[in-house]
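>>> what's the 3D shape of this:
(2 chains)
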Amino acid sequence: MQTWSLVSVCVLLGVVVRWGVSLNSYSGAGKPPMYGDYEAQRHWQEVTYNLPVQEWYFNTTENDLNYWGLDYPPLTAYHSLICAYIAKIINPEWVELHKSRGYESPAHKLFMRATVLVADLLIYIPAVVLYCLYLTDGSSKKKVSTLFCFLLYPGLILIDYGHFQYNGVSLGFALWGVLALGLGWDAFGSMAFCLALNYKQMELYHALPFFCYLLGKCIKLGPMGRGFFLLVRIAATVLVTFALCWLPFLSDPSQALQVVRRIFPVARGLFEDKVANTWCSLNILIKIRSILSSDSQIYLRLLMKPTFWQFKLALANSSLAFFLFSYQVHEKSILLAALPVCLLLSDLPLTVIWFLQASTFSMLPLFLKDGLLVPYVVTSLAFLFFSIYLLSALEHCSEEELRLGAYHKLLFFLPKLDLACIVRWKFYISVAAMAGLSIVSVALVPPPHLPDLFPVLVSTTGFLHFLGTFIYFNIVQFSGPPSRKNQKKND
Amino acid sequence: MAAPVVDGWFPALALGVSLLKCLFINAYHSTDFEVHRNWLAITHSLPVSRWYHENTSEWTLDYPPLFAWFEFGLSHVAQHFDRNMLVVENLNYDSPMTVLFQRLSVIFTDVVFIFAVRECCRCVQKQKGSRDVLNRPSFVLAVLLLWNFGLLIVDHIHFQYNGFLFGFLLLSVAKHLQSQHLQGALLFAVLLNLKHIYLYVAPAYGIYLLRSYCFTQDNKDGSISWRSFSPLRLITLGSIVTSVCALSFGPFIAMGQLPQVLSRLFPFKRGLCHAYWAPNIWALYNMLDKSLAILGVRLKLLEEAGLPRASMTGGLVQEFQHSVLPSVSPSITLICTLLSILPAVASIWRRPRGARGFLRCLLLCALASFMFGWHVHEKAILIAILPLSILAVESREDAGIFLVLSTTGHYSLFPLIFTPAELPIKVGLMLMFVIYSFTALRKLHSGQGTLLHPLESVYLLGLVVVAIACEIIFPLSPWQQKLPFLPLLLTSVYCSVGVCYSFLRLYVSLLRQEEKPKQL
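Residues are numbered from 1 along each chain as shown, chains lettered A, B, ... in the order given. Prediction:
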């Protein structure tokens, strides 16, 4: 069958699965007074539509920042504004100032879900399609399989279409950035990444690899001459993009400062969800300072060898490092690590699938709180089964395919064991453990003296998996480039 | 004929579609959901003698007794989900556990359908030199059947048990294709006692089994050899059918309730057409009648006061009269149906072409009954589309007819799911099925010319125009208030053209087929 028809069928199936998940509940459904992320997004539409730009980030009588105040960069605000215009045409009650707080109705839910789908169709899905078709190796059937599994990643679907968020936009822009860099369009790539950064400040997790890769590329092209021109072009693109995004706030320095204060809050917020966000943003700044001491190896290597393969691995390692070694990070931040790992789906299928499943599993307490058990089970089963089946992940477990060749020599003192067999059994046991914990979290009631037993167990298991993946990817990054001869014709 | 090995890809397809069905658990469900909940309650809470007399709810039991026993079995599982659904008085009860149970019951009973599809895939001829799995007829057939748009929409959103029932039909067809006629007959007898709509295709079974099974040999020129009649085989067949019917209707005959049961099964009080006209001949007939009436009033040939109040597409199912053309009664539809299946049935009597000829005749009986039947539901088009899939992967001409019939038939199911929340699912699944069926069948029959005539392609593209007009333009236009039935009318009339055309083409292909010795 022709590739285009297979691709269309995969994309359509991805869309149907997403919409099927969106038929379920969202965060904070029917839970006054604060509700959840869904109400936050609706509130931002209300604020951006009714108030002038200068008041969006300020605490005024009209704008109570304690009730879901805007704490994402301006692009999120503009997106909310566009959605609000459409909402106003359909039903003005949805964005009426103050009166629409806590508004919930089936028609409104349909509208909000539709905005997520439209954003995905415009930004995230095309990026995924282009990435899988043009930047992965293998036969066209393998590319389509990769595309299908990429689109089927449960974590992003459940958060965006279940819990309700717009991660598809920021991750989509970041993916466009990666795509462009892979195709050699550096200026376009930097612009795309700046857009991602201006949508959610969490994208700083990915900022350092982008920076080091581009800098390394400039240095490689020659610090005088072509490299220098490239550097200037990229710098100019970045500055212009930032300026355009922040334009309404640049007229007054206090405006810009207030926005920065909102997205990197130094003072702690009053509510639980906001605390997580505070730490999320804060720890990025803390992390960057400590970067030079601990994880600099990742970035130095990328600086010296700015290849696309190194770039992908650095992205994965960097975001995992940020996620792992920080305090009280919000569970959803794992998505920032999941995206770079998805990029490695066709190269290292087993580990990637394993990690992606673990990342979905680690968000189980959140899904249970939102009433998303059935979609969680269905999408996880589908993802596990189809990615293993289509990418033949369990068959490609030899040393060479896992890229562990160089380091096995170091562990020569271990008895000669069949690595593939060990890896497969570890995988089965791990999946069984995750399944078991999922069932237990749902079916059993925790003992009264340990009310948080199950969420703690879930996050510990998740943490162990992430740590293991982090170590593995570090080994792979330092063990050399991938061998070109892996062009097997997979059926 | 070696049966192709059905390996890893079949469980993958089956599992994939089953998981997809689970995502629709919270989607819209129609009144059929309440119908089946009511039947669960009736069969569980009331004694057998009351099953066909109970009418607390308007959705009385109108399927044959075997289906009632099936619901009885389901109700024993249902009590562990939510006991309250089994209370007859709890009308329109739909707690989350009830919805979960009912949806899961449809998904689980689909295992019969999956098994039947596997059997059908084994019967399909293997194409020479096709190493690519995606290009094998068995793979294409499996996708066309398992992922059939109509079944997914009707069973797992609208809510019915068609997968379970079609499993029996396809399994019986597969058994005939494998020359195990007794098993096929048994399965069909069971199917008839589960849902009597399959009486539509009973003539095909009857004539085929009589001609090809009871007469053990043919003469050299293919004509009937009277001396080879085997009374033993006839008796075996007869006893199988009667014993199944006895098992099903026996208790009710013993209680003297047979007339009551039959009156529930065949309610002829309903109108010629369902509230939404099925895209058959009568839709065109109604349309013609309406147009002539309007024309007559405009040209002052008729008096408007003399015309009966027409509300054929209104929400209620009423009796009505036609204004200009003669009215149609149930007996007329019966005669038309019988006349239309006569040539097909006669053809397999005179020149039997083995099991595939039988399949073609079954198809024509199903489609003829759809075309001319009384109070036909648009869902009945699936009885024609599913068997045609088997023929489509083997013959180029049938593939072309299949593309027209399936696209048109599936589109005619769109008005069943009218809620805005399910629109992306409906459109997404339809596009998936259309893209897949077109490209896969084209690849399968490549090298023999195009599958579709240009006019057919234009007609099918016209469906897109109709879709956009009905789903997007119409709700936003001023006619929404004045003529609310217009999109339904447009859909059913436009689709009738396609369905009638497919019917005629299938008939022509049957009558034109030369007798070739088929090794089946």
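>>> helix or strand for the nearest residue to residue B:417 once chain neighbours are set aside, which one?
Distances taken as CB to CB, 6 or more residues apart in numbering or on different chains put residue B:426 closest to residue B:417, at 5.2 Å, once the chain neighbours are dropped. To be clear about C-beta, it is placed using only N, CA and C from the backbone, and glycine gets the same treatment. Using DSSP states H and E, residue B:426 sits in helix B:423-444.
>>> what helices or strands is that helix leaning on?
Contact here means 3 or more CB pairs under 8 Å, 6 or more residues apart in numbering or on different chains; DSSP states H and E; on that basis helix B:423-444 packs against helix A:3-22, helix B:137-146, helix B:149-153, helix B:396-411.
>>> Nearest to residue A:390, out of these?
Closest approach to residue A:390 among these is made by helix A:3-22 (10.6 Å; CB to CB).
>>> mean confidence score for the helix or strand that that closest one is followed by?
Note on helix A:3-22: by DSSP H and E, the next helix or strand toward the C-terminus is helix A:37-50. Here helix A:37-50 scores 92 as its mean pLDDT.
>>> Are helix A:37-50 and chain B in contact anywhere?
No: Helix A:37-50 is not in contact with chain B by CB under 8 Å from any CB of the partner chain; minimum separation 15.8 Å.
>>> Show residues contacting the next helix or strand after that helix.
Using DSSP H and E, the helix or strand that follows helix A:37-50 in sequence is helix A:74-90. Here helix A:74-90 makes contact (CB atoms under 8 Å, 6 or more residues apart in numbering or on different chains) with A:41, A:44-49, A:56, A:70, A:94-95, A:107, A:111, A:115, A:119, A:166, A:169, A:195, A:198-200, A:245-246, A:248-249, A:259.
>>> Going through those, which ones are buried?
Using 16 or more other CB atoms under 10 Å in any protein chain shown as the burial test, these include A:41, A:44-49, A:56, A:70, A:94-95, A:111, A:115, A:119, A:166, A:169, A:195, A:198-200, A:245-246, A:248-249, A:259 as buried.
>>> Angles on the backbone of residue A:52, please.
When read as degrees, to the nearest 10, the backbone of residue A:52 gives phi -70, psi 160.
>>> For chain A, what is the nearest residue in the stretch 1-150 of chain B?
Here the residue of the stretch 1-150 of chain B nearest chain A is residue B:23; by CB to the nearest CB that distance is 3.2 Å.
>>> ok, now which ones touch that residue?
A:17, A:20, A:21, A:23, A:375, A:378.
>>> Now neighbour count too, for these, in JSON lines please.
As requested, the contacts of residue B:23 are exported to JSON lines (neighbours: other CB atoms under 10 Å in any protein chain shown):
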{"residue": "A:17", "neighbour count": "25"}
{"residue": "A:20", "neighbour count": "27"}
{"residue": "A:21", "neighbour count": "23"}
{"residue": "A:23", "neighbour count": "21"}
{"residue": "A:375", "neighbour count": "27"}
{"residue": "A:378", "neighbour count": "21"}
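>>> for whichever residue of chain A sits closest to chain B, what are its contacts?
Taking CB to the nearest CB, chain B has its nearest neighbour within chain A at residue A:20, 3.2 Å off. Residue A:20 makes contact with A:375, B:20, B:23, B:24, B:27, B:425, according to CB under 8 Å, 6+ apart.
>>> With residue B:176 instead?
B:184, B:208, B:355, B:358, B:359 are the contacts of residue B:176 under CB under 8 Å, 6+ apart.
>>> Same check on residue B:154?
Residue B:154 touches B:160, B:162, B:379, B:382, B:413, B:416, counting by CB under 8 Å, 6+ apart.
>>> residues from chain A in reach of chain B?
A:1-2, A:5, A:8-9, A:12-13, A:15-17, A:19-21, A:23-24, A:106, A:110, A:117, A:374-375, A:377-378, A:381-382, A:385-386, A:389, A:491.
>>> Show me what from the stretch 51-200 of chain B comes close to chain A.
Residues of the stretch 51-200 of chain B lying close to chain A (CB under 8 Å from any CB) are B:132, B:133, B:134, B:135.
>>> Show me what counts as buried in stretch B:489-498.
Going by neighbour count (16+ other CB under 10 Å), the buried part of stretch B:489-498 is B:489, B:491, B:492, B:493, B:494, B:495, B:496, B:498.
>>> immediately after the lowest-mean-pLDDT helix or strand in chain A, which helix or strand?
Across the helices and strands of chain A, mean pLDDT, DSSP states H and E gives its lowest value to helix A:272-291, namely a mean of 54. Heading C-terminal from helix A:272-291, the first helix or strand you meet, by DSSP H and E, is helix A:296-304.
>>> Flag the shaky bits of the chain, pLDDT-wise.
Reading this off chain A. A:1, A:266-295, A:327-328, A:397-417, A:480-491 (pLDDT under 70).
>>> try chain B instead
For chain B, applying pLDDT under 70 flags the ranges B:1-7, B:127-130, B:222, B:268-270, B:302-321, B:514-520.
>>> Assign a three-state SS to the residue of it most remote from its centre, would you?
Computed with CA atoms, centre = their mean, the residue of chain B farthest from its C-alpha average is residue B:300, at 43.1 Å. Put simply, residue B:300 is coil when judged by DSSP: H, G, I helix; E, B strand; the rest coil.
>>> so who does residue 341 touch?
I'll assume chain A. Applying CB under 8 Å, 6+ apart, we find residue A:341 in contact with A:316, A:352, A:355, A:356, A:469.
>>> actually it's chain B I care about, not the one you picked
Residue B:341 neighbours (CB under 8 Å, 6+ apart): B:203, B:204, B:364, B:365, B:368, B:369.
>>> Mind checking which of those are in helices?
Judged by DSSP state H, those include B:203, B:204, B:364, B:365, B:368, B:369 as members of helices.
>>> I'd like these as JSON lines, with distance to chain A and neighbour count appended.
What follows is the ones in helices among the contacts of residue B:341, written out as JSON lines (distance: CB to the nearest CB, whole Å; neighbours: other CB atoms under 10 Å in any protein chain shown):
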{"residue": "B:203", "distance to chain A": "38", "neighbour count": "20"}
{"residue": "B:204", "distance to chain A": "34", "neighbour count": "24"}
{"residue": "B:364", "distance to chain A": "31", "neighbour count": "25"}
{"residue": "B:365", "distance to chain A": "33", "neighbour count": "25"}
{"residue": "B:368", "distance to chain A": "34", "neighbour count": "29"}
{"residue": "B:369", "distance to chain A": "33", "neighbour count": "28"}
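>>> Next up, identify which helix or strand residue A:385 is on.
Judged by DSSP H and E, residue A:385 forms part of helix A:373-391.
>>> In that helix, which residues are buried?
Within helix A:373-391, the residues that count as buried by 16+ other CB under 10 Å are A:374-384, A:386-391.
>>> Relative to the whole chain's centre, how far out is it?
In terms of CA atoms, centre = their mean, to the nearest Å, the centre of helix A:373-391 is found 19 Å from the chain centre.
>>> show me where the stretch 101-250 of chain B has helices.
Taking DSSP state H, counting those that start in this stretch to define them, one finds helices in the stretch 101-250 of chain B at B:137-146, B:149-153, B:162-177, B:181-194, B:202-208, B:231-254.
>>> Distance of the nearest residue to residue B:117 once chain neighbours are set aside relative to residue B:434?
Distances taken as CB to CB, 6+ apart place residue B:145 nearest to residue B:117, at 4.6 Å, with adjacent residues excluded. Distance of residue B:145 to residue B:434, given as CB to CB, to the nearest Å: 16 Å.
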